[in-house]
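J.: can't give you the sequence, but here's the structure:
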């Protein structure tokens, strides 16, 4: 797993909460910093892809292991 600056635990939350919490967490980061998100909602995979596209932030990684999803989102500069 790559380096990250902040971690958000969104496990147990369903759409749209993981995205909303990620948006709030990104506001606390500077451009170029990385947010690691942990989620259990299967819909979050497409949600974070769309979120990255719409906001200009970069989705560096998207992984799934045993029903748990991990995303690395780099805040746009």
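T.: The structure has been received and is ready for your questions. All values derive from a computational prediction rather than experimental measurement.

J.: Which pLDDT value goes with residue 73?
T.: What the model reports for residue 73 is a pLDDT of 98.

J.: Apologies, that question was intended for residue 23.
T.: Listed pLDDT for residue 23 reads 97.

J.: burial of it, as a residue count?
T.: By other C-beta atoms under 10 Å, the residues close to residue 23 number 15. (Each C-beta comes from the backbone N, C-alpha and C, glycine too.)

J.: Assess the claim that residue 6 and residue 35 are in contact.
T.: Yes: using C-beta atoms under 8 Å, residue 6 is in contact with residue 35, at 5.3 Å.

J.: So for these two, which sits in the more crowded spot?
T.: residue 35 (22 against 14).

J.: helix/strand/coil for the more buried one?
T.: Three-state assignment for residue 35 (DSSP: H, G, I helix; E, B strand; the rest coil): strand.

J.: doesn't residue 22 make contact with it?
T.: Yes: the pair residue 35 and residue 22 qualifies as a contact (C-beta under 8 Å) at a distance of 6.4 Å.

J.: Show me whatever sits in contact with both of these two.
T.: Contact criterion C-beta atoms under 8 Å, 6 or more residues apart in numbering; residues shared by residue 35 and residue 22: 8, 73.
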